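Novice: With the input below, show me the fold.
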Amino acid sequence: MSSPDKKDFHSQISETVNSKKVSCDGGGGALGHPKIYLDMGKENQIICPYCSKIFILKL
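Specialist: Alright, predicted model coming up:
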């Protein structure tokens, strides 16, 4: 069994966004998690506490 490419793995769990305020629902429909809203504040990225998806602000 081959291990997944780290670059492919990172691209699956991150999203580039245009706003410091984002929402996340886990992306799994009924199998996701409750929809939450996240605010990056002074940072340029934030991690969802439920699914660990990384939201990165597009500069």
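Novice: Please identify the buried residues of stretch 13-30?
Specialist: If you call a residue buried by 16 or more other C-beta atoms under 10 Å, then stretch 13-30 has these buried ones: 17, 20, 22, 24, 26. For every residue, glycine as well, the C-beta is placed using N, CA and C.
Novice: what's the closest of those to Lys42?
Specialist: When these are compared for distance to Lys42 (C-beta to C-beta), Lys20 wins out at 9.1 Å.
Novice: Got the phi and psi for the residue lying closest to that closest one once chain neighbours are set aside?
Specialist: Leaving aside its sequence neighbours, Lys20 sits nearest to Met40 (C-beta to C-beta, 6 or more residues apart in numbering; 4.2 Å). Backbone torsions for Met40, taken as degrees, to the nearest 10, come to phi -70, psi -20.
Novice: what's around Met40, how many residues?
Specialist: 16 (other C-beta atoms under 10 Å).
Novice: so what pLDDT did it get?
Specialist: On pLDDT, Met40 comes in at 98.
Novice: tell me the contacts of it?
Specialist: 20-22, 46, 55, 57 (C-beta atoms under 8 Å, 6 or more residues apart in numbering).
Novice: So which one of the buried residues of stretch 13-30 is the model least confident about?
Specialist: Within the set of these, pLDDT is lowest for Gly26 (91).
Novice: low pLDDT regions in this structure?
Specialist: Applying pLDDT under 70 to the chain picks out residues 1-12.
Novice: Output the contacts of Met40 in JSON lines; the columns should cover secondary structure.
Specialist: Below are the contacts of Met40 laid out as JSON lines (DSSP: H, G, I helix; E, B strand; the rest coil):
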{"residue": "Lys20", "secondary structure": "coil"}
{"residue": "Lys21", "secondary structure": "strand"}
{"residue": "Val22", "secondary structure": "strand"}
{"residue": "Ile46", "secondary structure": "strand"}
{"residue": "Phe55", "secondary structure": "strand"}
{"residue": "Leu57", "secondary structure": "strand"}
